[in-house]
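Peer 1: Build me a model:
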Amino acid sequence: VDRRQRQMCIRDRSDPVHLFERGFISPPNSLPCYPVEANGEESLDCNHHGSSIVQLGTGEMAAVWYHGEAEKSLDVRIVWSRTDPETVAWSEPEVLYDDPETSEGNPAIWVTQTGEILVFFVSIIGDGWPETHVRMVRSDDDGGTFSPMRTLREAECWNTRQKPVRLENGELLLPLYIECLALPTFMRSSDNFVNDVRWTEFINLPDNDEYFAEHVGQIQPSLALRDDGTISAMTRNGLPSGFVREMIGDANGENWTPSVDIELPNSGTSIDQVRLENGHRVVIFNNSPEVRFPLSAALSTDDGQSYSSIRTLVGECDEGVKDPKECEFHYPSVTQADDGTVWVSYTHDGTTIGWVHFDEAWLAQGE
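Peer 2: Model (predicted):
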């Protein structure tokens, strides 16, 4: 068995009491893509990126991501993989959605209370991220089949990244961002995006100078409900401060405070957070203001006011990579399973999607 296969599942055997394990959904550079410029000939030099992870109604964990020759290349499609509920073995990745005329990106997967699977994503209609349509597909048979694609918004510049949250009023709030202005924005629905689809225009941006000034450079918001019913939106920070930023929304997600730095560093890349059943919060981020390495988890037991412990999830560069600046363990997604454990998916150097599985007790021990 070669080194790459041995790394498929690494457990923390020094701590038999608490859970920590990690691995790859598939071995690096093992899932073929079919570059258009190469006349569709198979290649293993492919890009895996922008994953999202959730637990299905069947108990399986599922991860979706976009895969192709390169980011924005025409052959990029949405793929996914699921676990066996009794093991950590992931299935062979399968194509979930592919429009041969467009490049797909940034899928976000969500499961409703009735077990229906919703997958939000964007399709690049033009040459890049400013020219996108927000789309979705859905499945009511545990992923056996998916509905025809539906476009939720044709106006360009809006992009997906992280999962929605269920508000106290029953609405589903989907976090988005405006690529052209580098601003967070939102889409909402009272019926899981069957018929009711509404979006926030922030009083005809960019004319609303106040919102622009308070939130510029903040993209890819990640949402979590707070103890008082308000909403935390943590954002990828495009400003030079080097910290994750956070803004707080009212219970309906309609009015937001200005974005402010929190104590966790950010190198201008995506982060994610989840509120646990006990009210604690876990944030997955790159613990550096400069590079996308290492991948770390932070625990807050006081509703995001402070972070009592931080632990490294992936902190060793791949063999042959000598400069940490070339390590990219980034773009995480996080969710809590029914058994209380925490699952993370992330981009592993663009060669595959990695996963991490741990419990709060392991995280609470600190580094």
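Peer 1: Can you name the helix or strand that Glu210 falls in?
Peer 2: In this assignment (DSSP states H and E), Glu210 forms part of helix 209-215.
Peer 1: For the residue nearest to Glu37 when sequence neighbours are not counted, list the residues it contacts.
Peer 2: Nearest non-adjacent residue to Glu37, counting by Cβ to Cβ, 6 or more residues apart in numbering: Glu69, 7.9 Å away. (Glycine included, C-beta is placed from N, CA and C.) Going by Cβ atoms under 8 Å, 6 or more residues apart in numbering, Glu69 touches 33, 35-37, 43, 45-47, 75-76.
Peer 1: cutoff 10 Å now
Peer 2: Contact analysis of Glu69 by Cβ atoms under 10 Å, 6 or more residues apart in numbering lists 33-38, 43, 45-47, 75-76, 103.
Peer 1: Closest to the centroid, which residue in this protein?
Peer 2: Ser333 (3.7 Å; Cα atoms, centre = their mean).
Peer 1: bridging residues for it?
Peer 2: Beta-bridge pairing for Ser333 (DSSP bridges): Ser345.
Peer 1: Over to Met247?
Peer 2: Ala233.
Peer 1: Next one: it from Ala361, what distance?
Peer 2: Distance, Met247 to Ala361, by Cβ to Cβ, to the nearest Å: 31 Å.
Peer 1: Between these two, point out the one with more neighbours.
Peer 2: Met247 (19 against 13; other Cβ atoms under 10 Å).
Peer 1: on that earlier part again, the residue nearest to the centre of the chain contacts Val344, correct?
Peer 2: Yes. Ser333 lies in contact with Val344 (Cβ atoms under 10 Å); the separation is 6.9 Å.
Peer 1: where do the contact lists of these two overlap?
Peer 2: In contact with both Ser333 and Val344: 51, 53, 63, 272, 274, 284, 355, using Cβ under 10 Å, 6+ apart.
Peer 1: mind listing what the first one touches?
Peer 2: When you say that, I think you mean Ser51. So Ser51 contacts 25, 63-67, 79-81, 106-109, 331-333, 344-348, 353-355 (Cβ under 10 Å, 6+ apart).
Peer 1: and if we set it to 8 Å?
Peer 2: 63-65, 107, 331, 333, 345-347, 353.
Peer 1: Quick check: the gap between it and Gln113.
Peer 2: Taking Cβ to Cβ, one finds Ser51 at 24 Å from Gln113.
Peer 1: Equivalent analysis for the fourth one, please.
Peer 2: According to Cβ to Cβ, Asp272 stands 22 Å off from Gln113.
Peer 1: Between these two, which is the more surrounded one?
Peer 2: Asp272 (26 against 8).
Peer 1: was I right about the more buried one contacting Val334?
Peer 2: Yes. Contact criterion Cβ atoms under 8 Å: Asp272 and Val334 qualify, at 4.8 Å.
Peer 1: If you rank every helix and strand of the protein by mean pLDDT, what lands last?
Peer 2: Least confident helix or strand, the chain: helix 3-6 with a mean of 37, by mean pLDDT, DSSP states H and E.
Peer 1: what about stretch 290-300, start to end distance?
Peer 2: 23 Å (Cα to Cα, to the nearest Å).
Peer 1: tell me the average confidence for it?
Peer 2: Within the predicted structure, the mean pLDDT of stretch 290-300 is 96.
Peer 1: Buried residues, it. List them.
Peer 2: Neighbour counts over stretch 290-300 (16 or more other Cβ atoms under 10 Å) mark 291-300 as buried.
Peer 1: Start and end of stretch 349-367, how far apart?
Peer 2: 23 Å.
Peer 1: how far away is Leu74 from Pro35?
Peer 2: Distance from Leu74 to Pro35, by Cβ to Cβ: 8 Å.
Peer 1: Please consider this matter closed, and thank you.
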